[in-house]
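[1] generate coordinates for the sequence data below:
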Amino acid sequence: MILTSNRGFAEWGEVFGDPVVATALLDRLLHHAVVVQIEGASYRLRAHTDLIPEHVRANAPITPPPAPKRRGRPPKKERLIEAIG
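    The predicted structure is shown next:
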């Protein structure tokens with residue numbers, strides 16, 4: 001089972017509305033768990049950086065990662081010309 005959350009464990013009491021319930025839940029979930037903490041910008045947002053206004057992007061605490069480089073063979077010139085023309 002894989003669970004993901006954008007909230008830290010300390011915030012789960014607020015999420016569930018009861019710190020005792022959140023503690024009990026976390027106790028059972030984390031007993032034999034492997035926790036992988038991922039930090040950094042969202043990969044889902046990188047495709048939409050052009051939609052975010054520059055003044056918002058400039059003040060953002062985390063900048064999105066650059067778009068991935070194209071992998072594989074480059075397209076054949078004939079196909080590229082057909083696609084353009």
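[2] tell me the domain ranges of the chain?
    1-37, 43-68 (automatic domain parsing).
[3] buried stuff in the first one?
    The neighbour-count check on domain 1-37 (16 or more other C-beta atoms under 10 Å) flags Trp12, Ala22, Leu26 as buried. (C-beta placed from N, C-alpha, C; glycine too.)
[4] check contacts around the last one.
    Translated: Leu26. Leu26 makes contacts with Phe9, Trp12, as judged by C-beta atoms under 8 Å, 6 or more residues apart in numbering.
[5] any idea how far it is from Glu39?
    20 Å (C-beta to C-beta, to the nearest Å).
[6] again, but for the second one
    For Ala22, the distance to Glu39 equals 22 Å [C-beta to C-beta].
[7] make a markdown table out of the domains of the chain and add mean pLDDT.
    As requested, the domains of the chain are exported to a markdown table (pLDDT from 0 to 100):
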| stretch | mean pLDDT |
| --- | --- |
| domain 1-37 | 90 |
| domain 43-68 | 66 |
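[8] so what does Leu29 look like in phi/psi?
    Backbone torsions for Leu29, taken as degrees, to the nearest 10, come to phi -70, psi -40.
[9] so it sits against Phe9, correct?
    No. Leu29 is beyond contact range of Phe9, at 9.6 Å (criterion: C-beta atoms under 8 Å).
[10] please tell me how far Val34 sits from Leu25.
    When Val34 is compared with Leu25 (using C-beta to C-beta), they lie 17 Å apart.
[11] also Ala33?
    For Ala33 relative to Leu25 (C-beta to C-beta), the value is 12 Å.
[12] again with Phe9
    Where Leu25 is concerned, Phe9 sits at a distance of 10 Å (C-beta to C-beta).
[13] now do Gly72
    Counting by C-beta to C-beta, the gap from Gly72 to Leu25 is 44 Å.
[14] TSV for the buried residues of domain 1-37, including distance to Glu54 and secondary structure?
    Shown next, in TSV, are these (distance: C-beta to C-beta, whole Å; DSSP: H, G, I helix; E, B strand; the rest coil):
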residue	distance to Glu54	secondary structure
Trp12	35	helix
Ala22	39	helix
Leu26	40	helix
